[in-house]
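**Student:** coords please:
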Amino acid sequence: MIEIWKNILIQPEETIAGALPDATLGRGLKNFAIAALIPGVLLGLGIAVLSFIFAPLLASLPEATILGTIGIVAIVIVPLAAVTIALVGSLLFNLALWVGAKVAGGKGSFSEQYYLISLMAVPFVLAQIAIALVGFILFAIPVVGFFAGMLAVSAAQGYLGIISVVAFISAMKVSHNFSTKKLGIAVGVGYAIMGLLGAIAGFLLVVTVFGFIAAIAGSFVAI
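**Tutor:** Alright, predicted model coming up:
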C-alpha cells in the first residue's frame, strides 16, 4: 500500500489502473480513515500541548483545570471526530458521484469508485504536511527565506493540484470505463446532488436555529 501511495504522486494514471483488481469498500474506508487520522492526531496533540502550556499560567483560576481536561480529551476526541467526519463525508461525496456516473452510463460499482478515489487521500495529506514543513523551514531563513519559501510552496502546491486532477479523472474513468464526455456529465450531476443536499442541510440548520431562538424568546416573554 505504501508503494501505491508513493506512485500516486508520480504516475497516478498507471497506478490507479493497476489498483482496480484490489478495489474493495473496506480498503477504501481504511485509506480515508488513515488520511483523516494523521491530521486529527496532530491537531489533537497541538491542542493538548497548548492547553498544558497555558494551564500553569492560569493556575490561580478554575479555568486551569478545565484547560488540562480539554487537553487530555482532545488527544482522543479530535482524531475520532476527524475520522468520523472524513468517512461520512467521503461516503456521501462518492455516493453523489456514483449516482451521477450511473446517470452517464457508468459501469463500475460503488466500491471500485470509492477505493480508487481513496488512493489519493493519504499521499495528498502527507504531501501537504511535507510542503508545510518545508515552507516553515524556508520562511525561517532571513531575507532570502521568504522568496525561496514562496517559490517552493507555490511550485509544490501547483504540482500537487495537477496530480490531484489527473488522479481524480483517472479514478472515475477506470472505475466506470468512461469517456471524457461521460465523465463531465457524471461529475456535473454528482456536484448538483451535493449542492442540493448542502442546500437542504443549510435550510434545516437555519430552521432549527431560528426555532431554538424563538423558543428562548417565547420563554422570556412568558416570564
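**Student:** what about residue 10, is that helix, strand or coil?
**Tutor:** coil (DSSP: H, G, I helix; E, B strand; the rest coil).
**Student:** how many other residues sit next to it?
**Tutor:** By the criterion of other C-beta atoms under 10 Å, residue 10 has 10 neighbours. Where you see a C-beta, it was placed from the backbone N, CA and C, and this is true even at glycine.
**Student:** For residue 82, which non-adjacent residue is closest in space?
**Tutor:** Leaving out its chain neighbours, the residue that sits closest to residue 82 by C-beta to C-beta, 6 or more residues apart in numbering is residue 40, at 3.0 Å.
**Student:** Roughly how far does the one you found sit from residue 52?
**Tutor:** 19 Å (C-beta to C-beta, to the nearest Å).
**Student:** One more: residue 115?
**Tutor:** 40 Å.
**Student:** One more: residue 186?
**Tutor:** Taking C-beta to C-beta, one finds residue 186 at 48 Å from residue 52.
**Student:** from what I can see residue 127 touches residue 160, true?
**Tutor:** Yes - using C-beta atoms under 8 Å, residue 127 is in contact with residue 160, at 5.6 Å.
**Student:** and the helix ranked longest in the chain, what other elements does it pack with?
**Tutor:** The residue-count maximum for a helix in the chain (DSSP state H) belongs to helix 180-222. Secondary-structure packing of helix 180-222 (3 or more C-beta pairs under 8 Å, 6 or more residues apart in numbering; DSSP states H and E): helix 63-103, helix 144-176.
**Student:** Can you check which of those helices gets nearest to residue 9?
**Tutor:** helix 144-176 (6.0 Å; C-beta to C-beta).
**Student:** Without its sequence neighbours, what residue ends up closest to the residue nearest the centre of the chain?
**Tutor:** The chain has residue 86 as the residue nearest its centroid, 5.9 Å off, counting by C-alpha atoms, centre = their mean. Excluding its sequence neighbours, the residue lying closest to residue 86 (C-beta to C-beta, 6+ apart) is residue 36, at 3.3 Å.
**Student:** Pretty sure that neighbour sits against residue 87.
**Tutor:** Yes - contact criterion C-beta under 8 Å: residue 36 and residue 87 qualify, at 7.4 Å.
**Student:** Between those two, which has more neighbouring residues?
**Tutor:** residue 36 (24 against 15).
**Student:** mind listing what the more buried one touches?
**Tutor:** In this structure, residue 36 makes contact with 79, 82-83, 85-87, 121, judged by C-beta atoms under 8 Å, 6 or more residues apart in numbering.
**Student:** Same question for residue 86.
**Tutor:** Here residue 86 is in contact with 32-33, 35-36 (C-beta under 8 Å, 6+ apart).
**Student:** These: which two are farthest apart?
**Tutor:** The most widely separated members of those are 33 and 35, with 7.3 Å between them, by C-beta to C-beta.
**Student:** Among the two, which residue is more densely surrounded?
**Tutor:** More crowded of residue 33 and residue 35, by other C-beta under 10 Å: residue 35, with 23 against 20.
**Student:** From residue 94, how far off is that one?
**Tutor:** On the measure of C-beta to C-beta, residue 35 and residue 94 end up 14 Å apart.
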